[in-house]
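Colleague: Model the following, please.
(one chain, ligands or ions: 2)
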Amino acid sequence: MNIFSIKQLLTGTHLLQEVVISGWVKTYRSNRFIALNDGSTIDNIQCVVDFEKFDESLLKQITTGAAIKVSGTLVESQGKGQNVEIQVANLVVHGGADPETYPIQPKKHSLEFLREKAHLRIRTNTFSAVMRVRSALSFAIHQYFQQNGFYYVNTPIITGSDAEGAGEMFRVTTLDDKNPPLTKDGEVDYSKDFFGKETNLTVSGQLEAETFAMGLGKVYTFGPTFRAENSNTSRHLSEFWMIEPEMAFYDLDANMDLAEDFIKSIISYVLKNCGKDLSFLEKRLLEEEKSKPQAERSGMPLMEKLRFVVDNNFKRVSYTEAIEILRDSKPNKKKKFQYTIEEWGADLQSEHERFLVEKHFKCPVILFDYPAKIKAFYMRLNEDGKTVRAMDILFPGIGEIVGGSQREERLEVLRDKIKALDIDEKELWWYLDLRKFGTAVHSGFGLGFERLVLFATGMGNIRDVIPFPRTPQNAEF
Ligand code: 4AD
Ligand code: MG
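Modeller: Ligands and ions are numbered 1, 2, ... in the order given. This next block holds a predicted model:
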């Protein structure tokens, strides 16, 4: 007898065959109908039990959450709601789930409640749908790069450099924190640490990816990154996954073209391949929105929103133009957005970004040429001496989804910047070597994977699109 997945059986091609299937019970009603799910698809398969043929003690164990194996004939269903069902001949309980203590009962649970049950929430429709979309997006990302001449590179997790220069790093140390060795000046002596120097978890694989781009041409990373920033928002995690392509001989325009094409291609992949999950998530979102005031509703249904991104050009706007738009926009206390920004040079807050994307342009926006002062040291200085070839991609409902730039390839300019920012040049000797030997124009960007999954699934909180979220004060699982 073949072992099938529910996804395979529901295609109906195995009609009238003897099949065997294992899964977790969603519901068992009227002592006759088991709705079984195995995670392969959002749909359950109905298993019809003739209770007179089975021991009562066995049937008692068929409760929500129990893992069971059924075998029987796949037949056309007489009932509503499904095309096929299994007429159960044999039934085995792999493991029961006590209804008194199993937390995922067949009723609506809040997302907050489920976060506390992160080890079991994958058995709910919402999380299984989100995680299948997440998996499909991962595949689409690799496929896009592999088909477009990029090589996949694994950059280190433990590193001695602060790629973003923002000082938001988790230190990696083997020193005894209660009694660390001290230098003459009374500072912790990291030269006695495991690696003989201070090390931390990576905030970005970019600098190392640059070394590979300057030999392999086009590369990408897809790995975990860590930020010790104390941001308790629905868009920030302490541990998140980032995709970082890096391309030799690409300038900022080519970088923007690639980023836009890449995002459209992976969204279009999930539209093609995750229809069932997306339509479940779309319905879920519509339900959730009904309870919100009109002004807070996202407007377009999920799949329409995804199609809109695929079918329309992203709007490209310089930082300076954006500031003008923000200055000209009249603040209105009744509106959700408070977006006055007075000064050229100020960093945009998320409400500014959301105003530009959601109210002004009403489409994804690529902002470029930011003031040098608010961006990282490695970005290429423009001829005006005060802006850098940076770009951020802003998405409706999300804000910044991508951050990237053309890199400073001129040794002296880079040196000056490093000096001005008080970064120890010795730490970056290998990075500077790239500018000494065969330097060239190059560019890249970082896409926050969870922010992409948020957008693609219409979920509202980043904690609900990663299996085990790491946020300040939360690393239970
Ligand atoms: O803008 P960021 O900090 O850029 C970099 O790290 C560059 N080194 C990328 C590059 O050019 N190779 O981060 C890139 C993206 C952001 O746009 C955002 O989507 C995501 O990473 N991100 C976060 N996602 C979740 N939680 C956080 N705390 C995040 N910080 C950044
Ligand atoms: Mg950024």
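Colleague: In the stretch 51-200 of the chain, what residue spans correspond to helices?
Modeller: Counting by DSSP state H, counting those that start in this stretch, the stretch 51-200 of the chain has helices at residues 56-59, 111-115, 125-147.
Colleague: Now do residue 385 against residue 417, distance only.
Modeller: 12 Å (CB to CB, to the nearest Å). For glycine as for every other residue, the C-beta is placed from the backbone atoms N, C-alpha and C.
Colleague: Please disregard the earlier target; I meant residue 362.
Modeller: 36 Å.
Colleague: Extract the C-alpha trace of stretch 448-462 and format it as PDB.
Modeller: The C-alpha trace of stretch 448-462 is given here as PDB (Å, rounded to 0.1, in the frame of the first residue of the first chain):
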ATOM      1  CA  GLY A 448      14.600  41.400   5.100                       C
ATOM      2  CA  PHE A 449      13.100  38.000   4.600                       C
ATOM      3  CA  GLU A 450      10.500  38.200   7.400                       C
ATOM      4  CA  ARG A 451       9.300  41.600   6.200                       C
ATOM      5  CA  LEU A 452       8.800  40.000   2.800                       C
ATOM      6  CA  VAL A 453       6.900  37.100   4.300                       C
ATOM      7  CA  LEU A 454       4.800  39.700   6.300                       C
ATOM      8  CA  PHE A 455       3.900  41.400   3.000                       C
ATOM      9  CA  ALA A 456       3.200  38.200   1.100                       C
ATOM     10  CA  THR A 457       0.900  36.700   3.800                       C
ATOM     11  CA  GLY A 458      -0.800  39.900   4.900                       C
ATOM     12  CA  MET A 459       0.100  39.100   8.500                       C
ATOM     13  CA  GLY A 460       0.400  42.100  10.900                       C
ATOM     14  CA  ASN A 461       3.200  41.100  13.200                       C
ATOM     15  CA  ILE A 462       6.700  39.900  12.400                       C
END
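Colleague: Mind listing what's buried along that stretch?
Modeller: Of all the residues in stretch 448-462, those buried under the rule 16 or more other CB atoms under 10 Å are 448-459, 462.
Colleague: and if you look at stretch 407-424?
Modeller: So for stretch 407-424, counting by 16+ other CB under 10 Å, buried means 407, 408, 409, 414, 417, 418.
Colleague: was I right about the first one contacting residue 376?
Modeller: Read it as residue 407. No. Between residue 407 and residue 376 there is no contact under CB atoms under 8 Å: 9.9 Å.
Colleague: Only alpha carbons, please: show the lowest-mean-pLDDT helix or strand in the chain as PDB.
Modeller: When the helices and strands of the chain are scored by mean pLDDT, DSSP states H and E, helix 350-354 comes last with a mean of 88. The C-alpha coordinates for helix 350-354 follow below in PDB (Å, rounded to 0.1, in the frame of the first residue of the first chain):
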ATOM      1  CA  SER A 350       8.300  55.100   9.600                       C
ATOM      2  CA  GLU A 351       5.300  57.400   9.500                       C
ATOM      3  CA  HIS A 352       7.100  59.400   6.800                       C
ATOM      4  CA  GLU A 353       7.800  56.300   4.800                       C
ATOM      5  CA  ARG A 354       4.300  55.100   5.100                       C
END
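Colleague: what helices or strands is it leaning on?
Modeller: Judged by 3 or more CB pairs under 8 Å, 6 or more residues apart in numbering; DSSP states H and E, helix 350-354 is in contact with strand 399-406.
Colleague: Give the other helices and strands that the following helix or strand past the strand it packs on contacts.
Modeller: The C-terminal neighbour of strand 399-406 among helices and strands, as given by DSSP states H and E, is helix 411-420. Contact here means 3+ CB pairs under 8 Å, 6+ apart; on that basis helix 411-420 packs against helix 429-436.
Colleague: show me the contacts for residue 181.
Modeller: By CB atoms under 8 Å, 6 or more residues apart in numbering, the contact set of residue 181 is 175, 188, 189, 192.
Colleague: I'd like the domain boundaries of the chain, if you could list them.
Modeller: Domain ranges of the chain: 6-103, 125-165+203-464, 169-198, per automatic domain parsing.
Colleague: Determine which stretch of the ones you listed is the most buried.
Modeller: domain 125-165+203-464 (a mean of 18; mean count of other CB atoms under 10 Å).
Colleague: and the end-to-end length of it?
Modeller: 13 Å (CA to CA, to the nearest Å).
Colleague: show me the contacts for residue 65.
Modeller: Applying CB under 8 Å, 6+ apart, the residues contacting residue 65 are 24, 25, 97, 102, 104, 123.
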